[in-house]
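Visitor: model this:
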Amino acid sequence: MLAQSFLENLQVQSLGLHDRKLSFELLDGLLDRYPETISALGDHVVYGVCEAIEGEKDPQCLMHVFHVVEGLAQIFPDPSGPVANFAEDFFDIIGRYFPIHYTHSEDVDISRDDLSRALMMAFSASPFFEPFAIPLLLEKLSSNLPLAKIDSLKYLSCCTVKYGPERTAKHAEAIWSSLKATLCNFPRDDISSSASDLSNGMDFEENEITEEALGLLQKVASQQNTSFLNLVLEDKDIISLVKSFTAAGSSVSVSPKSKQELCFVGRLFSVLAKASTSSCNMVFDSLFLRLLENLGVAASTSSKDVLVIESNSPCQKLNSGVLYLCIEILGACRELAVASTELPSSFNFIDDAWCQTLVGCSSSLMKALISDLVPISNEMYREIDISSLKVKGLQILATFPGDTAPVSKSLFENIVTTLISIVTNNFNVTALWKASVNALAEIGTFLNDSSYSEKSLSYMSTAVERMIVLISLDDSTMPYSLLLEALSKISASGYTYLSRIAQELQEVMSAKFTKLYVDGDVKIREELVQLLDCYSKNLWSDLLQGTESVPLRLAIDIWDQSEAAMGSNFCVEGELLDATKMALKLAVAVLSEENQLRIVAKAFEVISSNLSFSPNFVPSKLEKLQTSEDTDGFTSKDEWLISLFASVIIALRPKTQIYNIKAVFESLLMAFLKGHMTSAQALGSIFNKMPLKNENMHDSSYFYLDDALTLVLERSLGSCSDHFLSSSSEMYGSDELCPSVAVCAPPQVHCISGLAWIGKGLLMRGHEKLKDITMVFLRCLVEIEALAENRGWSDREEMCPSLAKSAADAFHVLMGDSEDCLNKTFHATARPLYKQRFFSTVMPILLSDVKKTHSPTVRSMLYRAIGHVICNTPLAAVLSEIKKLLPVLLDVISVLSEDILSKDMIYNLLLVLSGLLMYKGGQDIAVENARIIVNCLTGLVSYPHKMLVRETAIQCLVAVSGLPHTRIYPMRLQVLSALSKVLDDPKRNVRQEAVRCRQAWSSIA
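Guide: Numbering: from 1, shown residues only. Prediction:
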């Protein structure tokens, strides 16, 4: 009754928007919940719905309209039912909405994609729409609008599946004609910009239209089988293109347009071949075998010719066009075979006709691909890299599923052996070498993901074992860096290969360390650095998925080798030390707490016996320790050992309790006071992870955070500690010093730098003692100049700027992200929003100090500190305070632009400024400060020290051009004058941005 009353009494289109929406929601609900009742209304309901929905334009209502159409189609599937009877009228109404033209505001919670998807479901809801839908979609496919083309292809893909093969067959010829036109009409710019290397198959423009067209082609070919495939194979244009590619003499020089057409034909037959088994058989019989004959590959067949290829005796040089088409089809066959192995049925692709044919010719095909694989000269393959195409063909053959067919184990081994030979002997042919390495990696990945045990074992012995033998050879002709690059790529194929390669690398490292200590050979040193970097950068991340045996053995080996070297003439070297430290840190970081303790015990045993200064914990010694840059007694061996020991401490987990913490702390503190920064980083890691002392903890052998920090500050600040750690909340101005300071020697620069790492550890965990360290930096910035003059320091002219700069740069350490320590990799404790909290605390103090100071030197150093804080604070937090910070930000940029060493910070500050200009809430602030913003930016468009600074400054000026006309017009000539100086900038990106900016400002009139 309700539905009937709705249809008889309600004129939906005469209602307001809200009522129409309710009406469609009601109708939609009735169709969903009461389909049987609705079906009893027959023609009446379909006619009534047509009347109700006609002319609707609101997006929310249309979503219901399209769903109503889909619901009615499901309720009336009968060929003689109401939907079939009213199909033309019905479709005439919904067809007007295609393609969706969406102009509604952003506040509507329905997107164009939502509407288009709903309309597509309505189009495909009933097969009775087929006579009207497919012609409409094919018509729109010829549109010049890319969006209309994409929608047409998506709708056709959906409709052809829903309508079924019989109805789609009526339009097969029209569909193919439209698809051919879509795929063949390449824009000029796409042709000219296409890559020259056909081996990657990407000359053909892989845009969305292309992908949708190829997807539709595959669906129709799979659905229609022989009939549709014959349309393609008998198409005169396709036959003509194939003949042109296979003609003798066309193998070397190929025009960009011909190359694009070749890629089109290759992708066309690739899609057809993998559409279905029957399609693959037809492509094999009609084209692939003829292509093989053109290449000189024997393959007997009695199949009927469909594409007649004029093939004479094969040329000495393989026809690149034919080779490319062969490889595309071969790749499609492989995809079809892989897909068939993933099916739950017992179907075996090996019994297919195409596979049996491939079994018969695989040996001769492989020989054709291997012959003359290495070019005699680069000139011979200047236009098209045939060798890379051949390598791709070998890779495809080697990755066919199955241990025996269609590629036998012996053929597989020949392919892998050939690729290994290229990698080890032809590294001077760069493109071929890289293609071969990548092919080996792809083969390994395929085998690792499959269950073909025979080929996996063969790959291990033929590829992996042959490559790792070369690592230990001293007379290998292959460059060591390329050998490690190849091994890294292969190791990424699977953990089985990775663990074997990592094991061999460790043995080689041990041998080379031993030889280095004896001979001191520079070549050995360089190879060791490369080995360690290979582990850190390429192998370590993949080792995380396995056991701890590999990293544990590496860490132990490093300490065993270090201990053994103590009796030799050991000389530390920067690159080798850095590489060893990083490899050791990464190895220790992945270990369990138990194994980490083993490494700490081993390391401490080595340094206890070999350091020139005793690490045994003697409190009286610590109390007498003073800071010093005197390296007497801090030998090369000391630096090596303490650096490795500090690296171990950095990588420990928070729950790894160091039993001899006091002795460990003493060792690191003594090294830190001598200026060793890695030890400072280790102390920062200890302060970040060590437990706090509480009333329930009474272990006298343990060293707790507060006690340890007090000791560090007292020893690192020396006689100035009382002044720098005074409890006064107000710092003294430059004209008034703390009256309690009697004799105050300045802290060493390296102590300030080291304290920054300790402060970073405290900052990340949110510890209140951070304020003490921060106060040290602030006092060094604000008071050090006056303090030096007051105490009569003799070297104040040299010492004060260095100390103040170190204090300013400490804020970069505090707020910046470090790869060396105190990060997620090395298990740092990080409190949420710690950067934002520090920013809101310290920034008001820094701004206040800037206002108070009268010294240009102090002000410049405060600006440097402010710059570091702003650069390393999340942008959202900075923008929330941008009204206060903008003038200071611009002053910081202007001051730092005079220092060439500050170029990176200037770039980062410009990114903050660009964030302001793009931030909706910052428009008013930018308008108020438009003049000083423009002055700052025009001064940077010619900045000589960093291209990114110039480019970003110009981009910011483009953003400024969007501010209100009345505010920026007075600066128009100033900006255009500045831009005229950079139109001939040596960097292309800068010139392009300058032209764009000049156009934006020139249009302001």
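
Visitor: which residues touch the one helix or strand residue 868 maps to?
Guide: Assigned by DSSP states H and E, residue 868 belongs to helix 856-872. Contacting residues not belonging to helix 856-872 are listed as 734, 777, 781-782, 785, 800-801, 804-805, 807-809, 811-812, 815-817, 835, 838-839, 842-843, 846-847, 849-850, 853, 878, 885, 888-889, 891-892, 895-896, 902, 905, 908-909, 912 [Cβ atoms under 8 Å, 6 or more residues apart in numbering]. Using the backbone N, CA and C atoms, a C-beta is placed for each residue, glycine as well.

Visitor: Run the chain-centre distance for that helix.
Guide: Mean-position distance between helix 856-872 and its chain equals 33 Å (Cα atoms, centre = their mean, to the nearest Å).

Visitor: need the next SSE after it, C-terminal direction.
Guide: Moving toward the C-terminus from helix 856-872, the next helix or strand (DSSP H and E) is helix 875-880.

Visitor: and that next one, what does it pack onto?
Guide: Helix 875-880 sits against helix 834-852, helix 903-918, with contacts defined as 3 or more Cβ pairs under 8 Å, 6 or more residues apart in numbering; DSSP states H and E.

Visitor: Would you reformat these as TSV and include mean pLDDT?
Guide: Shown next, in TSV, are the helices and strands packed on helix 875-880 (pLDDT from 0 to 100):
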stretch	mean pLDDT
helix 834-852	93
helix 903-918	92
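
Visitor: okay, the ones you listed in a markdown table with distance to residue 446 next?
Guide: A markdown table is the format used below for these (distance: least, Cβ to Cβ, whole Å):
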| stretch | distance to residue 446 |
| --- | --- |
| helix 834-852 | 45 |
| helix 903-918 | 43 |
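
Visitor: Mind checking those for the one nearest to residue 667?
Guide: Taking Cβ to Cβ, helix 834-852 is the member of the helices and strands packed on helix 875-880 nearest to residue 667, at 28.6 Å.

Visitor: Check which helices and strands the strand or helix carrying residue 361 sits against.
Guide: For residue 361, the host element (DSSP H and E) is helix 353-370. On a contact count with 3+ Cβ pairs under 8 Å, 6+ apart, helix 353-370 meets helix 277-283, helix 289-294, helix 320-341, helix 386-398, helix 409-425.

Visitor: out of the helices and strands packed on helix 875-880, deepest packed?
Guide: helix 903-918 (a mean of 19; mean count of other Cβ atoms under 10 Å).

Visitor: helices and strands around that one, which ones?
Guide: Packed against helix 903-918 by the contact rule (3+ Cβ pairs under 8 Å, 6+ apart) you find helix 856-872, helix 875-880, helix 882-896, helix 923-928, helix 947-960.

Visitor: Check which helices and strands the helix or strand following the fourth one sits against.
Guide: Where DSSP H and E defines the elements, the next helix or strand beyond helix 923-928 is helix 930-938. Applying 3+ Cβ pairs under 8 Å, 6+ apart, one finds that helix 930-938 makes contact with helix 882-896, helix 947-960, helix 965-968, helix 972-980.

Visitor: For residue 579, give me its contacts.
Guide: Here residue 579 is in contact with 528, 529, 532, 533, 536 (Cβ under 8 Å, 6+ apart).

Visitor: who's in contact with the third one?
Guide: By Cβ under 8 Å, 6+ apart, residue 532 lies in contact with 509, 576, 579, 580, 582, 583.

Visitor: Kindly recompute the last result at 7 Å.
Guide: Taking Cβ atoms under 7 Å, 6 or more residues apart in numbering, we find residue 532 in contact with 579, 580, 583.

Visitor: Tell me the predicted confidence for the closest residue to it other than its chain neighbours.
Guide: Leaving aside its chain neighbours, residue 532 sits nearest to residue 579 (3.8 Å; criterion: Cβ to Cβ, 6 or more residues apart in numbering). What the model reports for residue 579 is a pLDDT of 93.

Visitor: what separates residue 579 from residue 558, distance-wise?
Guide: 11 Å (Cβ to Cβ, to the nearest Å).

Visitor: From the contact counts, what lies against the longest helix along the chain?
Guide: In the chain, assigned by DSSP state H, the helix with the most residues is helix 495-519. Other helices and strands packing on helix 495-519, by 3 or more Cβ pairs under 7 Å, 6 or more residues apart in numbering; DSSP states H and E, are helix 480-491, helix 522-534, helix 540-543, helix 549-565.
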